[in-house]
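Engineer: With the input below, show me the fold.
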Amino acid sequence: MSLANDQITINKTEGEIRAVCRSCSTDRKKSKEKCLAINAESGAYICHHCGDSGIIVSHRTMGSKEQKYERPTASNATNLSDKLYEWFKSRGISAGTIIRNKITQSCEYMPQVGKERNTINFNYYRDDELINIKYRDSEKNFKQTKNAEKIFYGLDDIQDCNEVYIVEGEMDKLSLEEVGITNCVSVPDGAPNPGTKNYDNKFSYLDNCWSYFDTVEKIHICSDNDTNGRVLLEEISRRLGRERCNIVSFPEGIKDANQMLMELGPIQLEECLKSSQPYPVEGIFTVDSERGYMLDVFHNGKKKGLTTGYKILDNHYKLRTSELDVWTGVPGSGKTMMAMQIMLNASVLYGWKWGVFSPENYPVGDLFDLLAEMYVGNTSDMEKDKRMNEYEYESAMQFLNEHFYAIYPEDDFSLDNVLAKFKHLVMRYGIKGCLIDPFNQLDHEFRGKDETTYIGEALTKIRRFEQVNDLKFIVIAHPRKMDKDESGMHYKMPTAYDISGSQNWFNKADNVVCIHRNNPQDTFDTSVRFNIQKVKFQKLVGIPGEQLLKFDRRSNRYLDLGNSCPLDRVSITHSVLFATNPRSSYYTK
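Structural biologist: Numbering: from 1, shown residues only. Okay, the predicted model is just below:
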């Protein structure tokens, strides 16, 4: 693969950037097609045409310290012009609402127009402390305080509330107050664009404010009546729990609460808000109830799986949320390591975060050390020559701290408790995937049920959990028996039918993967068979089949037959940065 894309310069720090791929576009007729997707937060990129992927070397310094937020200075909340009051009045917002929400005005430099403009200032408070300011000029250009913490607008208004409204803009929050609803907050950045593969940083305000929703019983989501609004609805409801979310649906032709207040008046707005409907987690559905989703798919494409980073697997297996994967293999075949590799690839490529229940990898620090070796591409063993340096190890720890969360509830290994921990991670950190490794380490309570019935009910519970929370859920399960082949030298490749609990493992899974080595005791043969035995949604994920990979013991990485790994660019980035800055802060503390 080419290194040409590594030198691209990007200026954004959030969201996804589309660019022309320097590796393949010069040889294509569509030379200006922006087929390269770049995660502005991490610098990770992937070309959806040629598959080139890696990390922008100059994007950020590996091992940088945790971000420190800046606080804006509060201004006079009473010195407002008559013109400002008149503008708000034209939008249906009264003077009392303006004053209570501490709205101010100032003259600010607006980068969109390259000069100073009179601005409306929406002040973001938490516990009466000014955290951030969003500035808006007359042409609807916005900016926020540089390096400020992202929180909900109006956060103090929902403290200790049992019922909360969430809207997409500050004007919508003010509009709800005009009909007597003050227990309302607005998201700070609007809604992400559809098709964005990594918008985790777009929802950082949920990470910063999750505790305000911990005990809320009902959440009304009033996102805009458009495609972007649906993306916002889906992610917020996933993070906060769809079982307690209601959806506010605006009439045809009405985009948001402020437009409805202006055009239809406060009475109809109040009636619309009070007629919110529970999120359709289960029950009976109609085309009308799914209309928004169907139009979103029609205009923006089906929800297809994402590459694991291994091009040779793309025809057979891709990553897709709201699916349950069952992985199996004989002991020592490397199924846990392979799962960890795929998960780490997704974290680097798409910013995915993972919850991991793997009690066999204890102490937990050893699990993270294993992932650190995969991330850097070198061993941390002090007895080995040319092992990774401390700078690289610190960089790996920082990345893993933001993307992997291990759970080890010492007093309760029940499935219900593990799922409850995962649910907390969905809400608190927005994890996109879960791993249970292995299933037999859970505390199983059969309560008079036979094993087949119990396994079926447990997998149904997991399926419901991953669908409601839109997660990729991987369960690793050991086969109940291991048969030798005709030579008596090697184990036969197991299937999901060989797992204790029989056909339920195959029938309940969306995808079935077997990681197999003909002879796990052969230390010279590091080849690994990635065998995909079932794919439920073949048009979106792939078709069953098999590809060969090999395991590199020093780096704990899986390589294709060309000796490359999707994380090779991480290793290159570390090497380049260390070469240019060998005396990092980690050596000079």
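Engineer: now the helices for the stretch 401-550 of the chain?
Structural biologist: Taking DSSP state H, counting those that start in this stretch, the helices of the stretch 401-550 of the chain run over residues 415-429, 451-468, 504-508, 538-541.
Engineer: Could you dump those helices into a markdown table and include mean neighbour count, mean pLDDT and distance to Ile219?
Structural biologist: (Each C-beta comes from the backbone N, C-alpha and C, glycine too.) Shown next, in a markdown table, are the helices of the stretch 401-550 of the chain (neighbours: other CB atoms under 10 Å; pLDDT from 0 to 100; distance: least, CB to CB, whole Å):
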| stretch | mean neighbour count | mean pLDDT | distance to Ile219 |
| --- | --- | --- | --- |
| helix 415-429 | 19 | 94 | 11 |
| helix 451-468 | 17 | 93 | 15 |
| helix 504-508 | 19 | 93 | 30 |
| helix 538-541 | 14 | 94 | 30 |
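Engineer: can I get those in JSON lines with distance to Ile133?
Structural biologist: Below are those laid out as JSON lines (distance: least, CB to CB, whole Å):
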{"stretch": "helix 415-429", "distance to Ile133": "26"}
{"stretch": "helix 451-468", "distance to Ile133": "36"}
{"stretch": "helix 504-508", "distance to Ile133": "50"}
{"stretch": "helix 538-541", "distance to Ile133": "43"}
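Engineer: The longest strand anywhere in the chain pairs with which strands?
Structural biologist: With secondary structure taken from DSSP state E, the chain has its longest strand at strand 115-126. Using DSSP bridges, strand 115-126 pairs in its sheet with strand 104-110 (antiparallel), strand 129-136 (antiparallel).
Engineer: Most tightly packed of the ones you listed?
Structural biologist: Stretch with highest mean neighbour count among these: strand 129-136 (a mean of 20; mean count of other CB atoms under 10 Å).
Engineer: before we move on, back to that, quick one, which of the helices of the stretch 401-550 of the chain is nearest to Asp498?
Structural biologist: helix 504-508 (8.7 Å; CB to CB).
Engineer: Any idea how far that closest one is from the middle of the chain?
Structural biologist: 27 Å (CA atoms, centre = their mean, to the nearest Å).
Engineer: other SSEs contacting that helix?
Structural biologist: If you count contacts as 3 or more CB pairs under 8 Å, 6 or more residues apart in numbering; DSSP states H and E, helix 504-508 packs onto strand 323-328, helix 451-468.
Engineer: now the angle from the first one to helix 451-468?
Structural biologist: Angle between the axes of strand 323-328 and helix 451-468 is 140 degrees (criterion: axes from the mean of the first three to the mean of the last three CA atoms, to 10 degrees).
Engineer: mean confidence score for strand 323-328?
Structural biologist: Averaging pLDDT along strand 323-328 yields 97.
Engineer: what's next to that strand, contact-wise?
Structural biologist: Contacts to strand 323-328, defined as CB atoms under 8 Å, 6 or more residues apart in numbering, come from residues 335, 338-339, 459, 462-463, 466, 472-479, 494-496, 498-499, 505-506, 508-515, 536-537, 541.
Engineer: what are the pairing partners of that strand, and which direction each?
Structural biologist: Assessed with DSSP bridges, strand 323-328 is paired to strand 472-476 (parallel), strand 511-516 (parallel).
Engineer: can I get those in JSON lines with mean pLDDT, mean neighbour count and distance to Phe399?
Structural biologist: Formatted as JSON lines, the strands paired with strand 323-328 follow (pLDDT from 0 to 100; neighbours: other CB atoms under 10 Å; distance: least, CB to CB, whole Å):
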{"stretch": "strand 472-476", "mean pLDDT": "97", "mean neighbour count": "25", "distance to Phe399": "19"}
{"stretch": "strand 511-516", "mean pLDDT": "96", "mean neighbour count": "24", "distance to Phe399": "25"}
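Engineer: Which among these is found nearest to Lys255?
Structural biologist: Across those, closest to Lys255 is strand 472-476 (CB to CB), at 32.8 Å.
Engineer: on that earlier part again, which one of the helices and strands packed on helix 504-508 lies closest to Asn183?
Structural biologist: Using CB to CB, the nearest of the helices and strands packed on helix 504-508 to Asn183 is helix 451-468, at 24.9 Å.
Engineer: By neighbour count, which bits of stretch 331-351 are buried? Give me those.
Structural biologist: 333-351 (16 or more other CB atoms under 10 Å).
Engineer: Phi, psi for Asp207 please.
Structural biologist: Backbone torsions of Asp207, given as degrees, to the nearest 10, read phi -60, psi -40.
Engineer: ok, now which ones touch the nearest residue to it once chain neighbours are set aside?
Structural biologist: Nearest residue to Asp207, sequence neighbours excluded (CB to CB, 6 or more residues apart in numbering): Tyr429, at 6.2 Å. Going by CB under 8 Å, 6+ apart, Tyr429 touches Asp207, Lys353, Tyr405.
Engineer: Now do Tyr429 against Ser500, distance only.
Structural biologist: Shown here: Tyr429 relative to Ser500, a distance of 33 Å by CB to CB, to the nearest Å.
Engineer: tell me the mean pLDDT for stretch 191-205?
Structural biologist: So the average pLDDT for stretch 191-205 ends up being 76.
Engineer: got it, and stretch 243-261?
Structural biologist: Per-residue scores along stretch 243-261 average to 94.
Engineer: returning to what we had before: of all the helices and strands packed on helix 504-508, which one comes closest to Asp525?
Structural biologist: The nearest among those, by CB to CB, is strand 323-328 at 20.4 Å.
Engineer: which residue sits closest to Gly358, ignoring its sequence neighbours?
Structural biologist: In this structure residue 358 is Ser, not Gly. Asp437 (4.2 Å).
Engineer: quick one, phi psi at the one you found?
Structural biologist: Backbone torsions for Asp437, taken as degrees, to the nearest 10, come to phi -140, psi 110.
Engineer: how many neighbours does it have?
Structural biologist: 21 (other CB atoms under 10 Å).
Engineer: Please report the distance of it from Pro359.
Structural biologist: Per CB to CB, Asp437 is found 8 Å from Pro359.
Engineer: Quick check: which of the helices and strands packed on helix 504-508 is nearest to Leu261?
Structural biologist: helix 451-468 (32.9 Å).
Engineer: now for the closest one, which elements pack on it?
Structural biologist: Using 3+ CB pairs under 8 Å, 6+ apart: helix 451-468 touches strand 323-328, helix 415-429, strand 472-476, helix 504-508.
Engineer: let's go with 6 Å and repeat that
Structural biologist: Where contact means 3 or more CB pairs under 6 Å, 6 or more residues apart in numbering; DSSP states H and E, helix 451-468 is packed against helix 504-508.
Engineer: From the geometric centre of this structure, which residue sits farthest away?
Structural biologist: What lies farthest from the middle of the chain is Ser487; by CA atoms, centre = their mean that is 46.7 Å.
Engineer: how far away is that one from Gly253?
Structural biologist: For Ser487, the distance to Gly253 - CB to CB - is 72 Å.
Engineer: Check Tyr153 too.
Structural biologist: Relative to Gly253, Tyr153 is positioned 26 Å away (criterion: CB to CB).
Engineer: would you turn the contacts of Tyr429 into JSON lines with distance to Ser223?
Structural biologist: Shown next, in JSON lines, are these (distance: CB to CB, whole Å):
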{"residue": "Asp207", "distance to Ser223": "19"}
{"residue": "Lys353", "distance to Ser223": "23"}
{"residue": "Tyr405", "distance to Ser223": "28"}
